[in-house]
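this one's sequence-less:
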Ligand SMILES: Nc1ncnc2c1ncn2[C@@H]1O[C@H](COP(=O)(O)OP(=O)(O)OP(=O)(O)O)[C@@H](O)[C@H]1O
Ligand SMILES: N[C@@H](CCO)C(=O)O
């Protein structure tokens, strides 16, 4: 697939990292998506659609362009001019893995464009090297629940199929919080007590997710390493973490580096409306407006397809699938 009339289109899921205690190691893909279209061109054009892309550069400093060039370098081919289009429903800098989705999408699109010389594991290693968080990029790449670590040289992961009963409620505050800022606030050193707390809770959470023990999620989804330190950055977080399970959540966590909060819910729960009211109301009491969304785990990960010659513009093709105007 290496000619100028061919374009590829990829659909990439958002991701939530940490799931509470699994700091930098536990992630889940969500059915909220970004789309990237990429083709080889005479002159580079980068078209970004939708409100989420505000402020993202449209020249060769764009992350998608830069990551695509890394794939070409790795594969030993040269395609300096690209036609790139992107639409995203994943809000930037809110803890839903927008940067991981952009990196994974660019890797998958560029690789497909040149006939897929790089294996999935190589894409995972490159994505982790770039994003530093294998839980985010693993989820966007492979879908489902990802249990992973990165030792600075290699990332390893195991994918777990999400339980059919799991649904996800996210409350997305109307302010941005960069991962950089939310990591800077964390102490450089932690006590052995906190480390043991998180190893235990994260291990039991993974076991609960693997065995369908939804009843154990509330007790296991607790963290001592990052959420307590990040609470001052997200008004309402401390109360939501303490009380959401009293309002019908199976478990609750800060999504990634925040400020989005995420509740796992049994899809047959009769208390969904109560939980949604609790999350929004708690944030409102703190003067924070938010958007709530009911999501499901994504099971596919990044999906790639070629666009036939003469195919329509990206934005037209994804009408109906994307949340455009919703
Ligand atoms: N499509 C894109 N093109 C270029 N840059 C992007 C794109 N998507 C995200 N980014 C960059 O990633 C930054 C957001 O990354 P950051 O890690 O702070 O948040 P996040 O990925 O949304 O949340 P989290 O990592 O906590 O889940 C944006 O400010 C932007 O610089
Ligand atoms: N695990 C990372 C997620 C950022 O994408 C953090 O919590 O800082």
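That came through fine. Since this is a predicted model, take the numbers as computed values, not measurements. Ligands and ions are numbered 1, 2, ... in the order given.

Report the residue ranges of every domain in this structure.
The record's domain split for the chain, according to automatic domain parsing, is 7-161, 166-295.

export these to CSV and tack on mean pLDDT?
Listed next are these as CSV, based on pLDDT from 0 to 100:
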stretch, mean pLDDT
domain 7-161, 96
domain 166-295, 97
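
could the ones you listed go into CSV alongside distance to residue 321 and mean neighbour count?
(Glycine included, C-beta is placed from N, CA and C.) Below are these laid out as CSV (distance: least, Cβ to Cβ, whole Å; neighbours: other Cβ atoms under 10 Å):
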stretch, distance to residue 321, mean neighbour count
domain 7-161, 7, 21
domain 166-295, 15, 18
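
which one is residue 127 nearest to, not counting chain neighbours?
Closest residue to residue 127 apart from its sequence neighbours, by Cβ to Cβ, 6 or more residues apart in numbering: residue 137 at 3.8 Å.

oh, I was asking about residue 58
Of all residues not flanking residue 58 in the chain, residue 46 sits nearest, at 4.3 Å (Cβ to Cβ, 6+ apart).

same deal with residue 197?
Counting by Cβ to Cβ, 6+ apart, residue 197 lies nearest to residue 224, which is 4.5 Å off, once chain neighbours are set aside.

Tell me which residues are up against stretch 203-223.
18-23, 26, 145, 147, 160, 162-163, 165-166, 197-198, 201-202, 245, 249-253, 264, 266 (Cβ atoms under 8 Å, 6 or more residues apart in numbering).

Sort out for me which of those residues are in helices.
With DSSP state H as the criterion, helices contain 197-198, 201-202 from among these.

tell me the two of those that are most distant?
Greatest spatial distance in these: 197 and 202, 9.4 Å, computed using Cβ to Cβ.

overlap in contacts of these two?
residue 21.

hang on, the earlier thing: just tell me which of the domains of the chain ends up closest to residue 320.
Distances from residue 320 to each of the domains of the chain were compared using Cβ to Cβ; the minimum, 12.3 Å, belongs to domain 7-161.

what about the closest one, start to end distance?
The separation between the terminal residues of domain 7-161, taken as Cα to Cα, to the nearest Å, is 31 Å.

Also stretch 92-103?
With Cα to Cα as the measure, the first residue of stretch 92-103 is 13 Å from its last.

start at 58 instead
Understood, numbering begins at 58; the last thing we discussed is stretch 149-160.

Could you tell me which residues of the stretch 58-207 of the chain lie near ligand 2?
Taking Cβ under 6 Å from any ligand atom as the criterion, the neighbours of ligand 2 within the stretch 58-207 of the chain are 74-75, 80-81, 190, 193.

now, which of these lie within strands?
Among those, the members falling in strands are residue 74 (criterion: DSSP state E).

so which of the residues of the stretch 58-207 of the chain next to ligand 2 are also by ligand 1?
When contact is defined as Cβ under 6 Å from any ligand atom, these meet ligand 1 at 74, 193.

interface residues of this structure facing ligand 1?
Residues of the chain found near ligand 1 (Cβ under 6 Å from any ligand atom) are 74, 113, 119-121, 143, 149-157, 159, 193, 235-236, 313-314.

swap the cut-off to 5 Å and go again
Residues of the chain found near ligand 1, taking Cβ under 5 Å from any ligand atom as the criterion, are 113, 120, 149-150, 152, 154-156, 159, 235-236, 313-314.

quick revisit: could I get the contacting residues of the residue nearest to residue 184?
When contacts are counted by Cβ under 8 Å, 6+ apart, residue 194 touches 72, 157, 160-161, 181, 184-185, 187-188.

Repeat that for residue 339.
If a contact means Cβ under 8 Å, 6+ apart, then residue 339 has 293, 296-297, 300 as its contacts.

for the residues you listed, which one is nearest ligand 2?
Distance to ligand 2 across these (Cβ to the nearest ligand atom) is lowest for residue 297, with 16.7 Å.
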